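Asks: pasting the sequence and the predicted coordinates here, then a few questions.
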Amino acid sequence: MSEEQIKTLEAQFEERIAHDEKIEAKDWMPEKYRKTHIRQISQHAHSEIIGMLPEGNWITRAPSLRRKVALLAKIQDEAGHGLYLYSACETLGVSRDELYDQLHSGKAKYSSIFNYPTITWADMGAIGWLVDGAAIINQVPLCSTSYGPYARAMIRVCKEESFHQRQGYEIMVKLANGTPEQKEMAQDALNRWWWPSLMMLGPTDAESVHTEQSMKWKLKRKSNDELRQQFIDQTVPQADLIGLTVPDPDLKWNEERQSYDFGEIDWDEFWQVVKGHGPCNKERMNARVTAWEEGEWVRDAAMAYAEKKENKKINKAV
Ligand code: 3HC
């Protein structure tokens, strides 16, 4: 294709983005647009899959059948979110096996937040309330992202996330209104999950290497700092309501900005976790790779069954 032709295609593409048109899998797109979507969508999918591990740790220890059912339903949803997102990613010409290999080999990132331990039952509440709360804030704008398959996957995901956040907050409400020990357990979980939840929304806009271009392509509709501020402004009143204290001595309502001012985030901790040196990075990857290897027979059996069914269909047609 000549330089001239590429320039025309690029101009038409920019025009479509400017008019909020959805870019579909079969449409022409700049190679960099395709690559950054593979990067973000695959990491999003990996996060959903790895995100099942911290919560899976508490299924057998849920304090009641109701809590167990809600936790099982949530974890099952996360698996589904991962599959929608892998499917959306495959539309960009990358295979699922490649994506799995990138995750299992440590080449691909997943969200930092899932590298923290879940020490008490209250962590199930904090994860639903804070992590899924932050995920909703991050994912709602993605429902209007320019890439069609990603935007459509997000619509279904967001509907289910609100259940995740509500069941988590309900756990925190129950504990905060329970015995002093239960309230202390809820406060301890908030203390441990607050700052990693702020980090989950990515580095500051000044540090973010992708935000500027991602906003131009309408992949991102809000910047990391905007999403973080929205999360804080929405979540602090929820903590106040149940008598829990956000672990930030610098947190203060700013009347002029109509927003909360908040303290310094420990970005060294964030980058340490992103680079693989968080509290549970190794444990999470070992668990994921072991499940993949031990599940090989299930995949083989399913493929063998599918091939047998296919052959039966072909023999019948002949
Ligand atoms: N954990 C790990 N890596 C992170 C990160 C985090 N929390 N935040 C940023 N990074 C990485 C980026 O991937 C990028 O590295 P790369 O170039 O190797 O990909 C680098 O840090 C620079 O960050 P940027 O802000 O420039 O990167 P992005 O523009 O991609 O912004 C993001 C980061 C806001 C996480 C964006 O990728 C995004 O919105 N992703 C979609 C949502 C998502 O993945 N959420 C993760 C949690 S999923 C979840 O919560 C499920 C729920 O059910 C619990």
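Replies: Perfect, thanks for sending it. Quantities reported herein were computed from a predicted structural model and do not represent experimental measurements. Numbers count the residues shown, from 1 in each chain.
Asks: hey, C-alpha coordinates of stretch 34-46 in CSV?
Replies: C-alpha atoms of stretch 34-46 as CSV (Å, rounded to 0.1, in the frame of the first residue of the first chain):
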residue,chain,number,x,y,z
ARG,A,34,-4.7,-2.5,17.2
LYS,A,35,-1.6,-3.2,19.4
THR,A,36,-2.6,-1.0,22.3
HIS,A,37,-6.1,-2.6,22.3
ILE,A,38,-4.5,-6.1,22.5
ARG,A,39,-2.3,-4.8,25.3
GLN,A,40,-5.1,-3.3,27.4
ILE,A,41,-7.9,-5.8,26.7
SER,A,42,-5.6,-8.8,27.3
GLN,A,43,-4.4,-7.4,30.6
HIS,A,44,-8.0,-6.7,31.6
ALA,A,45,-8.9,-10.3,30.8
HIS,A,46,-5.8,-11.6,32.7
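Asks: mind listing what's buried along it?
Replies: Applying a neighbour-count criterion of 16 or more other CB atoms under 10 Å, one finds Arg34, Thr36, His37, Ile38, Gln40, Ile41, Ser42, Gln43, His44, Ala45, His46 buried in stretch 34-46. (Each C-beta comes from the backbone N, C-alpha and C, glycine too.)
Asks: now the helices: where do they sit in this protein?
Replies: Along the chain, the stretches classed as helices by DSSP state H are 3-18, 31-50, 52-56, 65-90, 96-104, 122-126, 132-139, 148-176, 180-200, 211-216, 224-241, 267-272, 281-294, 296-317.
Asks: wait, which of these is closest to Tyr260?
Replies: Relative to Tyr260, the nearest member of the helices of the chain by CB to CB is helix 224-241, separated by 5.1 Å.
Asks: what helices and strands are in contact with the closest one?
Replies: If contacts are counted by 3 or more CB pairs under 8 Å, 6 or more residues apart in numbering; DSSP states H and E, helix 224-241 sits against helix 132-139, helix 180-200, strand 259-261.
Asks: ok, how many other residues are close to Ser255?
Replies: I think there's a mix-up here, since residue 255 is Glu and not Ser. Neighbour count for Glu255, taken as other CB atoms under 10 Å: 7.
Asks: from the buried residues of stretch 34-46, which are also near the ligand?
Replies: Restricting the buried residues of stretch 34-46 to those within reach of the ligand (CB under 6 Å from any ligand atom) leaves Gln40, Gln43, His44.
Asks: pick the one among those closest to Tyr147.
Replies: Checking those against Tyr147 by CB to CB gives Gln40 as the nearest, at 9.5 Å.
Asks: returning to that earlier point: got TSV for the buried residues of stretch 34-46, with pLDDT too?
Replies: Output for those, formatted as TSV (pLDDT from 0 to 100):
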residue	pLDDT
Arg34	98
Thr36	97
His37	98
Ile38	98
Gln40	98
Ile41	98
Ser42	98
Gln43	98
His44	98
Ala45	98
His46	98
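Asks: surely Met172 and Ile127 touch.
Replies: No. Contact between Met172 and Ile127 fails when scored by CB atoms under 8 Å: they sit 10.4 Å apart.
Asks: contact residues of the stretch 151-300 of the chain facing the ligand?
Replies: Near the ligand, when you scan the stretch 151-300 of the chain using CB under 6 Å from any ligand atom, you find Glu161, Met200, Leu201, Gly202, Pro203, Ser208, Val209, His210, Thr211, Ser214, Asn224, Val274.
Asks: for ChimeraX, what selects the buried ones among those?
Replies: To isolate the buried members of those in ChimeraX, using 16+ other CB under 10 Å:
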select :161,200,201,202,203,208,210,211,214,224,274
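Asks: adding distance to Ala25, write the helices of the chain out as JSON lines.
Replies: Converted to JSON lines, those look like this (distance: least, CB to CB, whole Å):
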{"stretch": "helix 3-18", "distance to Ala25": "14"}
{"stretch": "helix 31-50", "distance to Ala25": "10"}
{"stretch": "helix 52-56", "distance to Ala25": "27"}
{"stretch": "helix 65-90", "distance to Ala25": "9"}
{"stretch": "helix 96-104", "distance to Ala25": "15"}
{"stretch": "helix 122-126", "distance to Ala25": "37"}
{"stretch": "helix 132-139", "distance to Ala25": "21"}
{"stretch": "helix 148-176", "distance to Ala25": "6"}
{"stretch": "helix 180-200", "distance to Ala25": "29"}
{"stretch": "helix 211-216", "distance to Ala25": "19"}
{"stretch": "helix 224-241", "distance to Ala25": "27"}
{"stretch": "helix 267-272", "distance to Ala25": "33"}
{"stretch": "helix 281-294", "distance to Ala25": "27"}
{"stretch": "helix 296-317", "distance to Ala25": "24"}
